[in-house]
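[1] with the input below, show me the fold.
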Amino acid sequence: MVVVMEMTSSVQQIEAVNTMLDRLGFQTQLIRGVKRIVIGAVGDRPVSDLQDLQLMPGVEKIVPIMKPYKLVSRECKGDNTTIQVGAVTVGGADLTIIAGPCAVESRPQLLTSAHQVRQAGAQIIRGGAFKPRTSPYSFQGLEEEGLKILKEASQTTGLPVVTEVIDEASLQMALDYVDMVQVGARNMQNFRLLKAVGQTDKPVLLKRGMSATVEEWLMAAEYIMSEGNSRVILCERGIRTFETATRNTLDLSAVPLVKRLSHLPILVDPSHGTGDRGLVLPMSMAAIAAGADGLILEMHPEPAKALSDGPQSLTPPELEQLMQQLSLIAAAVGRNLAGTSIPHEVA
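    Sure thing, here's the model as predicted:
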């Protein structure tokens, strides 16, 4: 349920309601929206047991949430959530474009990629230091050395960085180096990892599992938020279907559906969603038209030499072309896109 507080309620009144909910065995989280202040309360007490709570000063009403996910739901918070990743706001009027190589392969490769990402106008750099691969013989990532290179790329370009974490050990290692952590599709239901990232203050990019329903995906976000971390960004990256012509089936219907069900921002990954660089541009445009708050894209200086995901990685000129095309779609749907002629050096 949510306890809707009056906009004029005092700090003392909010604290008193929180104390009462704690006493009743609820797990609580204060959510300040544009139009209302609510206290999300997760527990199994029926609303009929909360008559005294309803009468407390500052309480406007108590609203039960029927969805299995509570804090994530649009019922809990009516207005859209925006999340800060460094100086970048995700979920607002500005579209967020994250770009970079699938994996950090070397210092020259990542630093070159980072400057190209900035030059194209993207706002966040991606790069994997830990790579969960289907084959144990595939490149597994540079681990802490890769994190150090990501940190250097951030300092050099002034852009925040995101990387995937695969377990609690990699999470603890990454916290000192990156601005946002990613929970990948394979770990969407790794509940220990979800709880661990929920206990940090880092923004979390939560990718949809390859066979996950929308409800399961939102319940994974609920795991994170129930631990106290409300800075969750969802990412649709394609699901596994009978179709073999593409790597996955990019489910763009999930974008407006999630927007209806949840207040959290949502990005789309057309690189993993299709596995084909030739499809990344049209699916990127479709994603923004469908209401996505941004994209996460794979770009490599030399895709033919990439140690992972070369066929789906854009070249630097292709990334610049994509950004130019996206500006047209952004304007058509009332969103803004950052400029595409940012200099390499930090101003």
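[2] can we go C-alpha only for contacts and neighbour counts from here?
    Noted.
[3] gap between residue 276 and residue 186?
    20 Å (Cα to Cα, to the nearest Å).
[4] more neighbours, the two?
    Remark: of residue 276 and residue 186, residue 276 carries more neighbours, 20 against 15, as counted by other Cα atoms under 10 Å.
[5] contact partners for the more buried one?
    246, 247, 311, 312, 313 (Cα atoms under 8 Å, 6 or more residues apart in numbering).
[6] over to residue 148?
    With Cα under 8 Å, 6+ apart, residue 148 has these contacts: residue 177.
[7] now it, what's its secondary structure?
    Secondary structure, DSSP: H, G, I helix; E, B strand; the rest coil: residue 148 is helix.
[8] any idea of the pLDDT on it?
    pLDDT, residue 148: 98.
[9] equivalent analysis for residue 8, please.
    Confidence score, pLDDT, at residue 8: 88.
[10] check the one 3 residues further on too.
    At residue 11, the predicted lDDT confidence score is 92.
[11] separation between it and residue 31?
    13 Å.
[12] helix or strand for the nearest residue in space to residue 58 that is not next to it in sequence, which one?
    Among residues not flanking residue 58 along the chain, residue 9 sits closest, at 4.7 Å (Cα to Cα, 6 or more residues apart in numbering). Assigned by DSSP states H and E, residue 9 belongs to no helix or strand.
[13] for the residue sitting nearest the centre point of the chain, which non-adjacent residue is closest in space?
    The centroid of the chain falls nearest to residue 233 when counting by Cα atoms, centre = their mean (2.5 Å). Nearest residue to residue 233 in three dimensions, chain neighbours excluded: residue 205, at 4.8 Å (Cα to Cα, 6+ apart).
[14] what count of nearby residues applies to the one you found?
    Residue 205 has 23 neighbours, counted by other Cα under 10 Å.
[15] doesn't it belong to a strand?
    Yes - when classified by three-state DSSP, residue 205 is found to be part of a strand.
[16] so where is the protein shaky, pLDDT-wise?
    Low-confidence segments of the chain (pLDDT under 70): 46-48, 338-347.
[17] got the domain ranges for it?
    Listed by automatic domain parsing, the domain ranges of the chain are 2-63, 83-332.
[18] helices along the stretch 51-200 of the chain, start to end?
    In the stretch 51-200 of the chain, the segments counted as helices under DSSP state H, counting those that start in this stretch are 51-54, 107-120, 144-157, 168-174, 191-198.
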